[in-house]
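A.B. asks: Show me the folded form of this:
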Amino acid sequence: MTSRRHIKGVLWNFLGTFTSRYSDFDGYWVFGFLFENLDGMKIDLLTTSIGNTSAMPSDFARQLALQKFAEQIAKAGLPRIWFREAYLEISKSSEPVFGVVNGLGTSGSNIRFLARAVTDLGRAYEATVSIFVAPHDPKVELRSARATEHDHR
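C.D. replies: Numbers count the residues shown, from 1 in each chain. Take a look at the predicted model:
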């Protein structure tokens, strides 16, 4: 039997899948495209859809967050009505940091992803992960083979 205690695991699993390399836009990690706009982004995870997601990386990321969160709720077998609210806050550190992308040093920032859910009973759960993100640079990044396969169909 599932319980509301599984919500913490749902949040952790959501952050893991959402921030993974598989979150790509046109074959590149979506967060590099969003680098300049990642400070203060907030996504309501209980929204059903945001509409057109094909043209803008920010719309794609929002829709991907909704999809990944819904998938994690379904995998855990939790009823959606147990959630009064759920959101993702994305914030960028103010200090630039040096990191490595595909073996090359580059400047970027640590990005914090905070997933928060409040149950129908008023209990709040949170999970947070921070990752290094550099601005999108196709000269440094490797394009996903999934995008290349899609281009040749």
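A.B. asks: Where is the longest helix in this protein?
C.D. replies: In terms of residue count, the longest helix belonging to the chain (DSSP state H) is helix 57-76.
A.B. asks: ok, and for that one, which residues are buried?
C.D. replies: For helix 57-76, a neighbour-count test (16 or more other CB atoms under 10 Å) marks 57-58, 60-66, 68-69, 72-73 as buried. In short, each C-beta sits where N, CA and C put it, glycine included.
A.B. asks: name the helices or strands packed onto that helix?
C.D. replies: Here helix 57-76 touches helix 7-18, strand 24-25, helix 30-33, strand 41-44, strand 83-92, going by 3 or more CB pairs under 8 Å, 6 or more residues apart in numbering; DSSP states H and E.
A.B. asks: hmm, back to that, check the buried residues of helix 57-76 against Thr48 and report the nearest one.
C.D. replies: Nearest to Thr48 among the buried residues of helix 57-76, counting by CB to CB, is Leu66 at 7.5 Å.
A.B. asks: which stretches of this protein aren't confidently modelled?
C.D. replies: 1-3, 49-54, 146-153 (pLDDT under 70).
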